[in-house]
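> The sequence and its predicted three-dimensional model are supplied below.
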Amino acid sequence: QVQLVESGGGLVQPGGSLRLSCVASGSTLDYRMIGWFRQAPGKEREGLSSISPRTGGTYTASSVQGRFSISADNAKNTVYLQMNDLKPEDTGLYSCAAGMTGPTLDPDHYSHWGRGTQVSVSS
(Lines give C-alpha, C1' and ligand atoms only; values in the text may rest on other atoms or scores of the structure.)
Protein backbone atom coordinates (compact mmCIF):
# COMPACT_ATOMS: atom_id res chain seq x y z
CA GLN A 1 0.00 0.00 0.00
CA VAL A 2 1.41 3.36 -1.00
CA GLN A 3 2.35 5.83 1.69
CA LEU A 4 2.32 9.56 1.04
CA VAL A 5 4.39 11.99 3.08
CA GLU A 6 3.95 15.75 2.83
CA SER A 7 6.49 18.39 3.74
CA GLY A 8 7.21 22.06 3.18
CA GLY A 9 4.58 23.68 5.34
CA GLY A 10 5.28 26.40 7.86
CA LEU A 11 4.55 29.94 8.91
CA VAL A 12 4.68 32.56 6.19
CA GLN A 13 3.68 36.21 5.93
CA PRO A 14 0.85 37.32 3.64
CA GLY A 15 2.12 37.65 0.10
CA GLY A 16 4.76 35.00 0.66
CA SER A 17 5.31 31.68 -1.09
CA LEU A 18 5.73 28.06 -0.12
CA ARG A 19 6.36 24.88 -2.07
CA LEU A 20 4.85 21.72 -0.65
CA SER A 21 6.16 18.28 -1.51
CA CYS A 22 4.33 14.95 -1.52
CA VAL A 23 6.59 11.92 -1.70
CA ALA A 24 5.08 8.53 -2.51
CA SER A 25 6.61 5.29 -1.23
CA GLY A 26 5.79 3.67 -4.55
CA SER A 27 5.61 4.95 -8.10
CA THR A 28 3.39 7.96 -8.75
CA LEU A 29 2.70 6.40 -12.16
CA ASP A 30 0.64 3.71 -10.44
CA TYR A 31 -2.13 6.25 -9.84
CA ARG A 32 -4.42 8.07 -12.22
CA MET A 33 -4.50 11.24 -10.13
CA ILE A 34 -2.60 12.80 -7.25
CA GLY A 35 -4.21 15.79 -5.63
CA TRP A 36 -3.66 18.43 -2.98
CA PHE A 37 -6.32 19.30 -0.47
CA ARG A 38 -6.57 21.58 2.52
CA GLN A 39 -8.73 21.73 5.60
CA ALA A 40 -9.10 24.87 7.66
CA PRO A 41 -10.34 24.73 11.25
CA GLY A 42 -14.11 24.28 11.30
CA LYS A 43 -14.35 23.88 7.54
CA GLU A 44 -14.73 20.98 5.16
CA ARG A 45 -11.82 19.59 3.22
CA GLU A 46 -11.28 21.54 0.00
CA GLY A 47 -9.73 20.20 -3.19
CA LEU A 48 -7.07 22.54 -4.58
CA SER A 49 -5.32 20.94 -7.52
CA SER A 50 -4.71 17.54 -9.07
CA ILE A 51 -2.34 16.08 -11.63
CA SER A 52 -2.20 12.96 -13.76
CA PRO A 53 1.33 11.62 -13.32
CA ARG A 54 1.01 9.74 -16.61
CA THR A 55 -0.14 12.58 -18.85
CA GLY A 56 0.86 15.67 -16.88
CA GLY A 57 -2.67 17.00 -17.15
CA THR A 58 -3.68 19.27 -14.29
CA TYR A 59 -6.89 20.60 -12.79
CA THR A 60 -6.92 23.53 -10.35
CA ALA A 61 -9.79 24.94 -8.34
CA SER A 62 -10.92 28.42 -9.32
CA SER A 63 -10.41 29.59 -5.72
CA VAL A 64 -6.63 29.26 -6.06
CA GLN A 65 -6.22 29.50 -9.84
CA GLY A 66 -3.38 31.83 -10.73
CA ARG A 67 -1.74 31.52 -7.31
CA PHE A 68 -1.26 27.76 -6.85
CA SER A 69 0.26 25.34 -9.35
CA ILE A 70 0.86 21.60 -9.24
CA SER A 71 3.68 19.63 -10.82
CA ALA A 72 5.13 16.14 -10.69
CA ASP A 73 8.59 14.61 -10.86
CA ASN A 74 7.90 10.95 -11.53
CA ALA A 75 11.57 10.04 -11.28
CA LYS A 76 11.44 11.21 -7.66
CA ASN A 77 7.90 9.92 -7.02
CA THR A 78 7.08 13.43 -5.89
CA VAL A 79 4.25 15.86 -6.53
CA TYR A 80 4.66 19.54 -5.68
CA LEU A 81 2.26 22.35 -4.90
CA GLN A 82 3.71 25.80 -5.51
CA MET A 83 1.77 28.42 -3.59
CA ASN A 84 2.30 32.11 -4.28
CA ASP A 85 0.75 35.31 -2.92
CA LEU A 86 -0.45 33.48 0.17
CA LYS A 87 -3.33 34.94 2.14
CA PRO A 88 -4.45 34.40 5.75
CA GLU A 89 -7.43 32.41 4.45
CA ASP A 90 -4.98 29.89 2.97
CA THR A 91 -4.15 28.73 6.49
CA GLY A 92 -4.90 25.06 7.06
CA LEU A 93 -3.69 21.48 7.00
CA TYR A 94 -2.53 20.57 3.50
CA SER A 95 -2.70 16.93 2.46
CA CYS A 96 -1.94 15.02 -0.69
CA ALA A 97 -3.86 11.99 -1.88
CA ALA A 98 -3.71 9.42 -4.66
CA GLY A 99 -6.62 7.95 -6.56
CA MET A 100 -7.59 5.85 -9.55
CA THR A 101 -10.34 8.04 -11.01
CA GLY A 102 -10.41 11.56 -12.31
CA PRO A 103 -9.69 14.25 -13.07
CA THR A 104 -11.54 15.32 -9.97
CA LEU A 105 -11.07 17.30 -6.79
CA ASP A 106 -13.70 15.29 -4.93
CA PRO A 107 -11.93 13.80 -1.89
CA ASP A 108 -14.18 10.73 -2.05
CA HIS A 109 -12.41 9.68 -5.25
CA TYR A 110 -9.02 9.45 -3.54
CA SER A 111 -8.09 6.28 -1.69
CA HIS A 112 -4.68 6.97 -0.17
CA TRP A 113 -3.92 9.97 2.00
CA GLY A 114 -0.93 11.49 3.69
CA ARG A 115 -1.08 12.97 7.18
CA GLY A 116 -0.64 16.52 6.01
CA THR A 117 1.59 19.50 6.59
CA GLN A 118 0.42 22.67 8.35
CA VAL A 119 0.48 26.01 6.55
CA SER A 120 -0.07 29.18 8.53
CA VAL A 121 -0.27 32.58 6.89
CA SER A 122 0.00 35.44 9.32
CA SER A 123 1.82 38.69 9.87
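Received it, and whenever you're ready, just let me know what you need.
> Please make it C-alpha for all contacts and neighbour counts, starting now.
Fine.
> Can you tell me the SS state at the residue nearest the centre of the chain?
The centre of the chain sits closest to residue 36, judged by C-alpha atoms, centre = their mean, with a distance of 2.1 Å. Reducing the assignment at residue 36 to three states with DSSP: H, G, I helix; E, B strand; the rest coil gives strand.
> mind checking how far it is from residue 47?
Look at residue 36 and residue 47: by C-alpha to C-alpha, to the nearest Å, they are 6 Å apart.
> likewise residue 53?
17 Å.
> Equivalent analysis for residue 97, please.
The gap separating residue 97 from residue 47 is 10 Å, by C-alpha to C-alpha.
> neighbour-wise, which of the two wins?
Of the pair residue 97 and residue 47, residue 97 is the one with more neighbours under other C-alpha atoms under 10 Å, namely 26 against 22.
> Contacts for the particular helix or strand that has residue 82 in it next, please.
Using DSSP states H and E, residue 82 sits within strand 78-83. Residues from elsewhere that reach strand 78-83 (C-alpha atoms under 8 Å, 6 or more residues apart in numbering): 17-24, 28, 34, 36, 67-73.
> Drop anything exposed from those.
Taking 16 or more other C-alpha atoms under 10 Å as the criterion, what is buried in those is 17-18, 20-24, 28, 34, 36, 68-72.
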